[in-house]
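1. here is a sequence together with a model predicted from it:
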Amino acid sequence: MAKINEKNDSSADIRQLRNIGLVAHIDAGKTTTSERILYYTGTIHRLGNVDDGNTTTDWMVQEKERGITITSAVISCSWKDHAINLIDTPGHVDFTVEVERSLRVLDGAVVIFCSVGGVQPQSETVWYQADKYKVPRIIYVNKMDRVGADFFKVVEDIKEKLGANPVLMQLPIGAEADFKGAIDLITMKAYIYNDDGSGDFTEEEIPEDMLEDAELYRSSLVDSVSEIDDEILEKYLDGIDISNEEIYKAISRGCIENVFYPVFCGTSFRNKCVQPLLDGIIKYLPSPKDIDPVKGINPETNEEEERLPEDDQPTSALVFKLATDPFIGSLAFARVYSGVLRTGSYIYNTKRKRKERVSRIVRLKSNQREDVSMIKAGDIAGIVGFKQSYTGDTICDEKHPISFEAISFPEPVVSILVEPKTKQDQDKLVRALGKFQLEDPTFRYTLDKETGQTIVSGMGELHLEVIIDRLFREFGVSVNTGSPSVAYKEAIFEEAIGEAKHVKQSGGHGQYAHVKLEVYPLKTGEKFLFENRIRQGVIPKEYIPAIETGIKYAMENGPIAGYEVVNVGVRVVDGSYHPVDSSEMAFRVAGSKAFHAGLKKASAKLLEPIMKVNIVVPESYLGDSISLISTRRGKVGQIESLGQTQIVSAEVPLKSMFGFATDLRSITQGRGSYTMEFSKYDVIPEAQLAEITGGTNG
């Protein structure tokens, strides 16, 4: 049995706690950086390598084989008397859910940029996700040893593409193979690293040829902090010396308020400049005490309440992730916002309206577990024992209920057909898919009632490929798969009236319901809105919920090709009922029929997912790459030059992206690469509509 750790069950001062995440575009060096952080904090004693598949945070078999991060890994470590909960997130867009739910509970983030690639597509995505949750950030320009490294180009990229205000903490000394270390613009010292990969360095005076630049950038740094600190501004204008401690505090304040973003540089792979990054994490990123108290709704009073990050407050926490642990079963990751969560206690789930027992609390170092007796306000840990608590659920003191804002997730866009290779595996398949669906809110599976086939849906081909691989490795289920298909949607673009009666006579009571409703388009992003406009009881109130249920059922199968209907509002305006023959069932049927009748009059259109695609190719293959996009109904946007490399931004229908990787490799002799992420849904052209609907249009 695991030993209970009484030493630090969140007993450290909360002001010395940091909950941070590493976020970036794929291949910017997040996992390598997290490995170095673990090494320098003494959590591990031997460095792993992504290419060798032996890093601490990429512990899944699929991660080791592919050399990418798939699931967020939570690591607990410490640096200079500060406790750090570090989450290494994926960079591939198919797993963006991991970034979303991590940022929801983090207090700060390190955004990593490649010194060659700069601001890449997924860099923008994670930056705006952090904006959404107002997460303070520091910036780390990694891979300064790479050919083509350009620190200042990356800084300009951040200003132009992200509209952010980066403030330099360091100047790099050299670049590419000559990268030696960095100048600290606050202490005005140079830190020169050994080339043996040990991470050892010496503190030296600033090289003479860089002194003028260092003084210029330090002046710019003081300018930035003086804008948010009146005392520093006065001293600055009066020519009075400003202490380093004053500058540290002002930078921290500006970072926490998202006024500016401190910028560091280094090369994690070569073990250069990771320690200053760790110093920046504890100096500038906030503790749970430094951010606004979390707010939620009391489900009993419907009033807004807040919870302070104090141990004597009522306990409250948010479940932000579920995982299946091969040793201890279901594991719920939770961020405690207030109070204390203890092993053996009971906690209340406000959404499910049920108590859950906290069987065990485990502090995690990737896939290693250390049992603790409790976790306090501000901390993050894994909980064993929950039966019906899922991602986005609030758990709290039953006597002081509160419900925090849930986490929003994108809808799946790609589907494939799966069937077990043996009939004996059918039950195992359903159980496994059910577990995956609980773990991953962007994964869905459905059973086609007509064919009996199982359809799985996710964020991309890689996402589903990993699911299929996990089915075999973790549950021993081998499956046959069909070709990927696109998750189309149906929507209306005009208002219309739909009316239907459901009348059925039989022996005894019959069935009667009459519904008249208006359908109208909603703004993009809104899925469904229902309004009851019935007056004078022409339809009794008790039947209105049945009408809404019938409409929601009808939304699952649109009139054009049977796809889900989205962005539609419904007003029930008239109807009639029979005092004997009317029933909830009758009004469900009538509501469904009236809704479909309205859709057919409201210019319903089929929508397809459009992907934002970024292609990186050598200049000599630019023309062929643009032609490839055009043949796939793509629209080319911006073309950016980066030395001899061209970056092409385009929007391409998802259906046209199947097999794109093979064709791109073929025309570029294996030298081209691309990334894609969901951009929007758009009306499918008439030319392609017949192909999907089988030659009919509703």
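-> Yep, that arrived. Model, not experiment: these values are computed from the prediction. Numbering: from 1, shown residues only.

2. ok, now which ones touch the nearest residue to residue 221 once chain neighbours are set aside?
-> Nearest in space to residue 221, with sequence neighbours left out and distances taken as C-beta to C-beta, 6 or more residues apart in numbering, is residue 185 at 5.4 Å. C-beta coordinates here come from the backbone N, C-alpha and C atoms, glycine included. Contact analysis of residue 185 by C-beta atoms under 8 Å, 6 or more residues apart in numbering lists 168, 169, 170, 171, 214, 217, 218, 221.

3. what does the model give residue 185 for pLDDT?
-> For residue 185, the pLDDT comes out at 96.

4. related to what we said a few turns ago, nearest to residue 634 among the contacts of residue 185?
-> Using C-beta to C-beta, residue 168 comes nearest to residue 634 of the contacts of residue 185, at 38.0 Å.

5. quick one: the closest one from residue 216, how far?
-> Separation of residue 168 from residue 216 (C-beta to C-beta, to the nearest Å) stands at 10 Å.

6. which residue of the two possesses the greater neighbour count?
-> Shown here are residue 168 and residue 216; by other C-beta atoms under 10 Å, residue 168 has more neighbours (22 against 12).

7. neighbours around the residue nearest to that one when sequence neighbours are not counted, how many?
-> Setting aside the residues directly before and after it, residue 168 is nearest to residue 263 in space (C-beta to C-beta, 6+ apart), at 5.0 Å. Around residue 263 there are 22 other residues, counting by other C-beta under 10 Å.

8. helices or strands up against the helix or strand harbouring residue 263?
-> If you go by DSSP states H and E, residue 263 is part of strand 261-265. Secondary-structure packing of strand 261-265 (3 or more C-beta pairs under 8 Å, 6 or more residues apart in numbering; DSSP states H and E): strand 137-142, helix 151-162, strand 166-168, strand 170-173, helix 244-256, helix 274-284.

9. run through the stretch 301-450 of the chain and note the low-pLDDT ranges.
-> For the stretch 301-450 of the chain, the stretches with pLDDT under 70 are 325-327, 365-368, 448-450.

10. let me fix that: the chain
-> By pLDDT under 70, the low-scoring segments of the chain are 1-12, 45-73, 90-96, 325-327, 365-368, 448-452, 506-508, 524-525, 693-698.

11. what's next to stretch 424-434, contact-wise?
-> Contacting residues not belonging to stretch 424-434 are listed as 418, 420, 445, 447, 454, 456, 470-471, 474-479 [C-beta under 8 Å, 6+ apart].

12. can you select the buried ones among these for me in ChimeraX?
-> Applying 16 or more other C-beta atoms under 10 Å to the contacts of stretch 424-434, the buried members can be selected in ChimeraX as follows:
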select :418,420,445,454,456,470,471,475,477,479
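
13. looking at the contacts of stretch 424-434, which are in helices?
-> With DSSP state H as the criterion, helices contain 470, 471, 474, 475 from among the contacts of stretch 424-434.

14. distance to residue 196 added to the residues you listed, as CSV?
-> Listed next are the ones in helices among the contacts of stretch 424-434 as CSV, based on distance: C-beta to C-beta, whole Å:
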residue, distance to residue 196
470, 40
471, 45
474, 41
475, 46
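
15. what's the closest of those residues to residue 145?
-> residue 470 (35.2 Å).

16. list the residues that contact the nearest residue to residue 482 once chain neighbours are set aside.
-> Spatial nearest neighbour of residue 482, chain neighbours left out: residue 417 (3.4 Å); criterion: C-beta to C-beta, 6+ apart. Neighbour list for residue 417: 453, 454, 455, 481, 482, 485 [criterion: C-beta under 8 Å, 6+ apart].

17. need the buried ones from these selected in ChimeraX.
-> Selection of buried members from those for ChimeraX, criterion 16+ other C-beta under 10 Å:
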select :454,455,485
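
18. out of the helices and strands packed on strand 261-265, nearest to residue 529?
-> helix 151-162 (33.5 Å).

19. hmm, back to that, next one: the residue nearest to residue 221 from residue 554, what distance?
-> Residue 185 sits 63 Å away from residue 554, going by C-beta to C-beta.

20. same check on residue 512?
-> Note on residue 512: its distance to residue 554, by C-beta to C-beta, is 19 Å.

21. next: residue 239.
-> Using C-beta to C-beta, one obtains 74 Å as the distance from residue 239 to residue 554.

22. residue 227 too?
-> Applying C-beta to C-beta, the value for residue 227 to residue 554 is 56 Å.

23. more neighbours: which of the two?
-> residue 554 (23 against 15).

24. phi, psi for the closest residue in space to that one that isn't next to it in sequence please.
-> Closest residue to residue 554 apart from its sequence neighbours, by C-beta to C-beta, 6+ apart: residue 592 at 4.1 Å. Main-chain dihedrals, residue 592, degrees, to the nearest 10: phi -60, psi -50.
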